[in-house]
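Chemist: predicted structure and sequence below. I'll ask about it afterward.
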Amino acid sequence: HLATSLPLPSERDHLRPRIDMVVFMIDIKSKYSLKNVETSLAHVDASFFLGKVCFLVTGVGRVNACSIETNAICKLADTYCSPLLFCELELEGIRAATAQRLLRMLKICAGHIPGVSALSFVLLMRSSNDD
């Protein structure tokens, strides 16, 4: 399910499936995109930041068209202890690989991978990024 911002409308709460993972998409070419994500973060329960939130940055193939500093996005992901993925949606191979990566993350967040929790997965990602 997709939403352009948070909070989600409450009138359909009874029909909404359980939310296993939240992916914040940031278009690196739009400052509004980052502002929208920053505003939406306040509406996410703190428990989701324990392995169930991910930031996906799109449009990274055109460095000259960037409106957002990469450092600002990295700092945001670091502040919320959440994984950060970069993707160029216009390149089919990268788009497919990113989709597969998100699907694996979702399976972990939903509890479909025995022996791996969302929190342990994020800790493994963080320790490998810190090396």
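Modeler: Noted; the coordinates are in hand.
Chemist: by mean pLDDT, flag the weakest helix or strand of this protein.
Modeler: helix 118-130 (a mean of 67; mean pLDDT, DSSP states H and E).
Chemist: elements contacting the lengthiest helix in the chain?
Modeler: Across the chain, the longest stretch assigned as helix under DSSP state H is helix 92-109. Applying 3 or more Cβ pairs under 8 Å, 6 or more residues apart in numbering; DSSP states H and E, one finds that helix 92-109 contacts strand 53-58, strand 84-87, helix 118-130. Every residue, glycine included, has its C-beta placed from N, CA and C.
Chemist: could these go into CSV alongside mean neighbour count and distance to Asn71?
Modeler: Formatted as CSV, the entries for these read as follows, by neighbours: other Cβ atoms under 10 Å; distance: least, Cβ to Cβ, whole Å:
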stretch, mean neighbour count, distance to Asn71
strand 53-58, 21, 12
strand 84-87, 18, 12
helix 118-130, 14, 15
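Chemist: list the buried residues of the longest helix of the chain.
Modeler: By 16 or more other Cβ atoms under 10 Å, the buried positions in helix 92-109 come out as Thr98, Leu102, Met105, Leu106, Ile108, Cys109.
Chemist: which of the residues you listed lies closest to Phe121?
Modeler: Of all these, the one with the least separation from Phe121 (Cβ to Cβ) is Ile108, at 4.9 Å.
Chemist: now the residue nearest to the closest one when sequence neighbours are not counted: how far from Gly115?
Modeler: When the adjacent residues along the chain are set aside, Ile108 lies closest to Phe121, with 4.9 Å between them (Cβ to Cβ, 6 or more residues apart in numbering). To Gly115, Phe121 is 11 Å away according to Cβ to Cβ, to the nearest Å.
Chemist: alright, calling it a day.
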